[in-house]
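Engineer: the following comprises the amino acid sequence and a computationally predicted model.
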Amino acid sequence: MANPTETSAYPKKPAINHANPLSRTLLAKLDYDQLTNCMRCGFCLPACPTFRETGLEPESPRGRIALMKAVADGLMEPDQAFADQMNHCLGCRACEPACPADVKYGQLIEQARDAIEDHAEHGLPVKGIRNLFFKGVFPHRGRLKWMGKGIALYQKSGLRSVVRGAGLLRLLPKPVREMEGIIPEASGQGVVERIGTFYPAKGEAIARVALFRGCIMDVLFAETNVNTVKLLSEAGFEVVIPPTQTCCGALHAHSGEMEQARELARSNLRAFEEAGVSYIVSNAGGCGALLVEYDHLLHDDPAYRELAAKFAARVVDISQLLVSRGRIPAFDEAAATAAEPVTITYQDSCHLRNVMKSGNAPRQLMRSVANATFVEMQEADRCCGSAGIYNVTQPEMAGQILDHKMEHANRTGARYLLTSNPGCLLQMKLGVSKHGDPAAMEVKHVVDFLYERIADRSDP
Amino acid sequence: MLDAALTRRLRNIVGDKFFRDDSEARVAHSYDGTPMLQSLPDGVIYPETTGQVSEIMQALSAHRVPVVTRGSGSNLCGGTVPIQGGVVMVMHRMNRILEVDMENLTATVQPGLITASFIAHIESLGLFYPPDPSSMRISTIGGNIAECSGGLRGLKYGTTKDYVIGLEAVLASGEIVRTGGKLMKDVAGYDLTKLLVGSEGTLAIVTEATLKLVPPPASKKTMLAMYKDLYGAARTVSRIIESKIIPATLEIMDNPTIRVVDDFAKLGLPRDMAAILLIEQDGDPETVERDIARIQEICDSEQADRVEVAESREHAERLLTARRSAFTALARLRPTTMLEDATVPRSRIADMVLRIEEIARKHGVSIATFGHAGDGNLHPTATTDARDADEVHRVELAFEEIFEAAIALGGTITGEHGVGMVKAPFLEWKVGAAGMEVMKGIKRAFDPDHLLNPGKMFAKETRKRVVIERG
């Protein structure tokens, strides 16, 4: 077919001078080509968790794109309902693999939220909390450590029992209250404090890789980070942990704080530049998905564009790296427990599956474990409702999604429910505590599960 | 804007939550799967029962407000764009399977049921419902009935009309009619069931359907044949049918499609082939083996360059990838994808494919063709950009010529997508002036005030026919 050249001078964006300032910002920030690429076939609808829960067109990717385009085209004013609808999206991006036209929905929803955030008038408490976490905590290693120590102190000092005993938790909003109960033992000791910045490969090194440790991961799941390093080593990789790395910026990007996300990305690019590694390994689908899109995030930054592209091309999830390049160790359930053979199941990290396109790798590893049977949970590929901080900002929808998720999880009868992202991990723990039997089903990160089951584990 | 008394009445019927006239709801129901069409309704309503549909129609009739019924809005003919405003009625809440009758092999369902969910349920009971439009993961049974959807299995198993044997429908006045039943024979009067199937929401609102089920085939085999000569592929199609073999699937992709699919899916397809045929046969294992062997002989004798018969399920999946990727590959080329469904007698497939390629060249537009060769139903697919008014105009001219060419070859302007808005100006070309009058008479009998999906099927003006320059 003749490929028509794009020489014609037709306008790529409508030339409207909107009276509404938010409309102007939306028209400026939204990628109008992507809006046009949506051909409204509707193939995304069955993939979308919020559409499935409500059956309402505005709650679907096609509906949300139509709303964005209607605002850009001057067909409607961006009212509060519009902003609410944009925030109602989980950002799981399950619509992207379903889209025949390859519309970059994830980018559109971030652009819309970014524009909305520019004009948002948060009440003081919300603004305070946003500033505290987005600017004050996540980007700062030292403060994160203090937060970790603080939580740990709260959990261990007896203060938690005092607070719980006195019924003070009732003062907190329900979603936060529920989370308080399932948050794991926090720590001020991150992976670097525990094992240093370098860990050699077991046997001949296949490649030198860098660990992306994450911010929340390193406070709440530092042990998983340690196990990630050791598992990489067992599989033949030499691991460095660049100590100046910071938060990936995903929570910022998903909440419309794009400039902060870009600033964090630049810091990370500088931090990993010197490491001289073949791969940058993530063990959190949510972080990995933004890291792998740093090239897009900094596309308009001439100083960092090239570095970002080089960085993004090397980002990989640990499961994928193990499967594609590693010497996969022999895993055996008997190495961890003396118990009878067990059943295991998996909840996809949406971003690992839909953005990093690595949904098969964890399954392949789980299937290789001796004395364990992997069963596929129905709709494992559907978002669990965690979605970054969605379960805190949109508790009602998140709760509804989790209820349905747990019906499927309980039906598997699995001893272990595994996942690949801290948000999903916490959400599934919450699910099991609310709708399951925590004594019968344990929620774990795939990495921890696998590392504990290496048949002949040893220090290199 | 709807009258305040009317909106009050509508809210009373369905409850506040299920009638909306805010801008979010109006924008989100202003389009369907058809490119470049948008029109805002005045309100959106979500009924839950036939009784509510009836009450809604009584209210709308009293106020002379038009209604567009829709399922998922995935049609490709502008069939559910509320071009004259009014109320969009979304059937998603009426999505239950009411009964599967194992003694009569029928299922009774509500219109908002998703086609793929229905098929999955039916297959879990060891039965088969053949109509399989490519949009079945999102399309609804009600939408399939309104458009008389086809699919890949149309050649051997027929289309939606062959499986709908009874309907409950609400008329514009709000009256409820029941047609047909769990009956394989029924000649009591005009066949209103078949009339309503494919009537695109212009005659009545389907609220319940009784569908015929069949036993599933025991086995299936898949093969692929590639041709340097388009006529070799076309003769293969004709000779398979002549040999009294009706394959379950008989799909064709032309050279422009092959190139785009290969660029997209990196399948290593030979890019110089004029056509690829994807053929599947199902049935009892011996018949399948015998038919596939015979088809293979026919392919060879028609100088197929390469013939590949799947040895396993995985192998079959690989062979199916090319055809399955066709739409996706084309959709990614340019922002706007216009997919039509001109249909010709299957003996004229090659002529039609060449005519389409010639017409595309003449107008300087990109059109690739794939489709259901076995039943002559082709999908010439234009890739363009809605913002390029000049190119879009040339695409429209090309499609006009394609419709004309299809009719000249004894074909039709639409095989399975419906007339809607997009093909309304061309309907008279196919059915003639007398045919139009009969159809308008039927419309008047059902819907004298033109409240049901107005502006569809019947255009204000029929397009003047273009003169075809041959050669």
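Structural biologist: Looks like it arrived, so ask away. Numbers count the residues shown, from 1 in each chain, chains lettered A, B, ... in the order given.
Engineer: residue contacts, B:Leu224?
Structural biologist: B:276-279, B:306-308, B:319, B:322 (C-beta atoms under 8 Å, 6 or more residues apart in numbering or on different chains). (C-beta placed from N, C-alpha, C; glycine too.)
Engineer: report pLDDT for A:Gly123.
Structural biologist: A:Gly123 carries a pLDDT value of 68.
Engineer: rewinding a little: got the contacts of B:Leu224 as a markdown table, with secondary structure columns?
Structural biologist: Listed next are the contacts of B:Leu224 as a markdown table, based on DSSP: H, G, I helix; E, B strand; the rest coil:
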| residue | secondary structure |
| --- | --- |
| B:Ile276 | strand |
| B:Leu277 | strand |
| B:Leu278 | strand |
| B:Ile279 | strand |
| B:Arg306 | strand |
| B:Val307 | strand |
| B:Glu308 | strand |
| B:Leu319 | helix |
| B:Ala322 | helix |
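Engineer: show me the two of these that sit farthest apart.
Structural biologist: B:Val307 and B:Ala322 (14.4 Å; C-beta to C-beta).
Engineer: narrow the contacts of B:Leu224 to those that are buried.
Structural biologist: B:276-279, B:307, B:319, B:322 (16 or more other C-beta atoms under 10 Å in any protein chain shown).
Engineer: ok, so of those residues, who is nearest A:Gly196?
Structural biologist: Of the buried ones among the contacts of B:Leu224, the one sitting nearest to A:Gly196 (C-beta to C-beta) turns out to be B:Ala322, at 52.2 Å.
Engineer: name the element the residue nearest the centre of chain A belongs to?
Structural biologist: The residue lying closest to the centre of chain A (C-alpha atoms, centre = their mean) is A:Gly286, at 1.6 Å. Secondary structure from DSSP states H and E places A:Gly286 in helix A:285-291.
Engineer: and that helix, C-alpha only, in PDB?
Structural biologist: Output in PDB follows, covering the C-alpha atoms of helix A:285-291 (Å, rounded to 0.1, in the frame of the first residue of the first chain):
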ATOM      1  CA  GLY A 285       5.500  -3.400  38.600                       C
ATOM      2  CA  GLY A 286       4.200   0.100  39.500                       C
ATOM      3  CA  CYS A 287       7.800   1.500  39.600                       C
ATOM      4  CA  GLY A 288       9.100  -0.500  36.700                       C
ATOM      5  CA  ALA A 289       6.200   0.700  34.500                       C
ATOM      6  CA  LEU A 290       7.200   4.400  35.000                       C
ATOM      7  CA  LEU A 291      10.900   3.700  34.700                       C
END
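Engineer: which residues does the next helix or strand after it contact?
Structural biologist: Following helix A:285-291 in sequence order, the next helix or strand is helix A:294-297 (DSSP H and E). Residues from elsewhere that reach helix A:294-297 (C-beta under 8 Å, 6+ apart): A:107, A:249, A:253, A:258, A:261-262, A:265, A:268-269, A:290, A:305, A:308-309, A:311-313, A:315.
Engineer: same thing with stretch B:233-250?
Structural biologist: With C-beta under 8 Å, 6+ apart, stretch B:233-250 has contacts from B:152-153, B:155-157, B:217, B:220, B:222, B:225, B:227, B:252, B:274-283, B:291, B:294-295, B:298-299, B:302, B:304, B:346-347, B:349-350, B:353, B:372-375.
Engineer: sitting in strands, which of those residues do you find?
Structural biologist: B:220, B:222, B:225, B:227, B:252, B:275-283, B:372 (DSSP state E).
Engineer: and the gap between B:Cys299 and chain A?
Structural biologist: 26 Å (C-beta to the nearest C-beta, to the nearest Å).
Engineer: tally of neighbours for that residue?
Structural biologist: Using other C-beta atoms under 10 Å in any protein chain shown, B:Cys299 has 26 other residues around it.
Engineer: let me see the contact set for it.
Structural biologist: B:Cys299 neighbours (C-beta under 8 Å, 6+ apart): B:225, B:236, B:277, B:307.
Engineer: looking at the residues you listed, which is nearest chain A?
Structural biologist: Among these, B:Leu277 lies closest to chain A (C-beta to the nearest C-beta), at 19.8 Å.
Engineer: contacting residues around the residue of the stretch 101-250 of chain B found nearest chain A?
Structural biologist: Of all residues in the stretch 101-250 of chain B, the one sitting closest to chain A is B:Ile138 (4.8 Å; C-beta to the nearest C-beta). Listed by C-beta under 8 Å, 6+ apart, the contact partners of B:Ile138 are A:42-43, A:45-46, B:72, B:74, B:114, B:116.
Engineer: switch to 10 Å and redo it
Structural biologist: A:41-47, A:51, A:60, A:62, A:98, B:33, B:71-74, B:114-116 (C-beta atoms under 10 Å, 6 or more residues apart in numbering or on different chains).
Engineer: try A:Met147
Structural biologist: A:133, A:136-138, A:140, A:186, A:188, A:215-216, A:219-220.
Engineer: now those as a markdown table including pLDDT, neighbour count and distance to A:Asp381?
Structural biologist: Converted to a markdown table, those look like this (pLDDT from 0 to 100; neighbours: other C-beta atoms under 10 Å in any protein chain shown; distance: C-beta to C-beta, whole Å):
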| residue | pLDDT | neighbour count | distance to A:Asp381 |
| --- | --- | --- | --- |
| A:Phe133 | 73 | 16 | 29 |
| A:Gly136 | 74 | 14 | 35 |
| A:Val137 | 74 | 17 | 32 |
| A:Phe138 | 75 | 24 | 28 |
| A:His140 | 77 | 15 | 35 |
| A:Ala186 | 78 | 21 | 30 |
| A:Gly188 | 79 | 18 | 36 |
| A:Cys215 | 88 | 28 | 27 |
| A:Ile216 | 84 | 21 | 23 |
| A:Val219 | 87 | 26 | 28 |
| A:Leu220 | 89 | 21 | 25 |
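Engineer: out of those, the closest to chain B would be?
Structural biologist: A:Phe133 (29.6 Å).
Engineer: which residue sits closest to the closest one, ignoring its sequence neighbours?
Structural biologist: Once flanking residues are discounted, A:Phe133 sits nearest to A:Leu251: 7.9 Å by C-beta to C-beta, 6 or more residues apart in numbering or on different chains.
Engineer: ok, now which ones touch the one you found?
Structural biologist: By C-beta under 10 Å, 6+ apart, the neighbours of A:Leu251 are A:133-134, A:138, A:215-216, A:257, A:260-261, A:264, A:286-287, A:290, A:388-389, A:423.
Engineer: and whichever strand or helix holds it, C-alpha only, in PDB?
Structural biologist: A:Leu251 belongs to helix A:250-254 when assigned by DSSP H and E. What follows is helix A:250-254, C-alpha atoms only, in PDB (Å, rounded to 0.1, in the frame of the first residue of the first chain):
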ATOM      1  CA  ALA A 250       5.000   7.000  39.600                       C
ATOM      2  CA  LEU A 251       2.600   8.100  42.400                       C
ATOM      3  CA  HIS A 252       3.300  11.700  41.400                       C
ATOM      4  CA  ALA A 253       2.700  11.100  37.700                       C
ATOM      5  CA  HIS A 254      -0.500   9.200  38.400                       C
END
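Engineer: what about stretch A:442-458, start to end distance?
Structural biologist: In stretch A:442-458, first residue to last residue: 25 Å (C-alpha to C-alpha, to the nearest Å).
Engineer: also stretch A:17-34?
Structural biologist: Distance between the two ends of stretch A:17-34: 21 Å, counting by C-alpha to C-alpha.
Engineer: bridged to A:Val443, which residues?
Structural biologist: A:Leu417 (DSSP bridges).
Engineer: which residues of the stretch 251-400 of chain A fall in helices?
Structural biologist: A:258-273, A:285-291, A:294-297, A:305-314, A:318-325, A:350-354, A:360-367, A:390-393, A:395-412 (DSSP state H, counting those that start in this stretch).
Engineer: all set now, cheers.
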